[in-house]
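1. build me a model from this:
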Amino acid sequence: MLKGVNQWCFPEGTPLQQVFAISREAGYDAVELNVNPLGGVGLTMETTAAEAEAIGRLANEYDIQLRSLSTSLLWQTPLSSADASVREQGRRVVEKQLELAELIGMDTVLVVPGAVNEHTSYDVCYDRSHAELVLLAKEAEKRRVRIGIENVWNKFLLSPLEMRAYVDAVQSP
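-> Now for the predicted structure:
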């Protein structure tokens, strides 16, 4: 078991060098990074391969593992949106997560697949987001990175049985 901490546990704008140093000093083995909005510290949608690899080397200098990658960007571009262009933007976010994870050597990206709200019913959220994940599974398989479906205050996939059925229906290892 690894003890890890998410980058969001640090004040916004904290340089990654400081995140890694404090995490190691506190006894953490790993840091979960995030794909941040443009202008954020660390990884963004504009991060190049060279920049991502440099972040991986920096973590190694502090003996910090980078195993998973999260993002808040899917709250603005949900895979369950009624707007196909918004879903496409969300798919690009996850594709960027997968690309960055592969470059850095992470094995998992975390994805909030959608949210049930006054605009999106449960069944519609299920169908739209699931169709997107079926497409994304091929990219994940190619890059050998797992997609971890996150259930966080999104009112979706509320029971273990629903979650299992949703994930199994993607039909991807």
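2. alpha carbons only for contacts and neighbour counts from here, please
-> Will do.
3. would you mind measuring from the residue in the chain sticking out farthest from the centre to Gln18?
-> The outermost residue of the chain, judged against the average C-alpha position, is Glu25 (25.4 Å), by C-alpha atoms, centre = their mean. Counting by C-alpha to C-alpha, to the nearest Å, the gap from Glu25 to Gln18 is 10 Å.
4. with Leu158 instead?
-> For Leu158 relative to Gln18 (C-alpha to C-alpha), the value is 37 Å.
5. burial of Glu51, as a residue count?
-> 16 (other C-alpha atoms under 10 Å).
6. who are the contact partners of it?
-> Neighbour list for Glu51: empty [criterion: C-alpha atoms under 8 Å, 6 or more residues apart in numbering].
7. tell me if I am right that it is in a helix.
-> Yes. Glu51: assigned to a helix according to DSSP: H, G, I helix; E, B strand; the rest coil.
8. going along the chain, name the helices of the chain.
-> In the chain, the helices defined using DSSP state H lie at 16-25, 49-61, 84-104, 122-143, 160-168.
9. and the longest strand seen in the chain, what does it pack against?
-> Criterion DSSP state E: the longest strand present in the chain is strand 30-36. Under the contact criterion of 3 or more C-alpha pairs under 8 Å, 6 or more residues apart in numbering; DSSP states H and E, strand 30-36 touches strand 4-6, helix 16-25, strand 43-44, strand 68-71.
10. do that again at 7 Å, thanks
-> Here strand 30-36 touches strand 4-6, strand 43-44, strand 68-71, going by 3 or more C-alpha pairs under 7 Å, 6 or more residues apart in numbering; DSSP states H and E.
11. and those strands as a markdown table, adding mean pLDDT, mean neighbour count and distance to Val31?
-> As requested, the helices and strands packed on strand 30-36 are exported to a markdown table (pLDDT from 0 to 100; neighbours: other C-alpha atoms under 10 Å; distance: least, C-alpha to C-alpha, whole Å):
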| stretch | mean pLDDT | mean neighbour count | distance to Val31 |
| --- | --- | --- | --- |
| strand 4-6 | 96 | 17 | 5 |
| strand 43-44 | 95 | 22 | 13 |
| strand 68-71 | 96 | 24 | 8 |
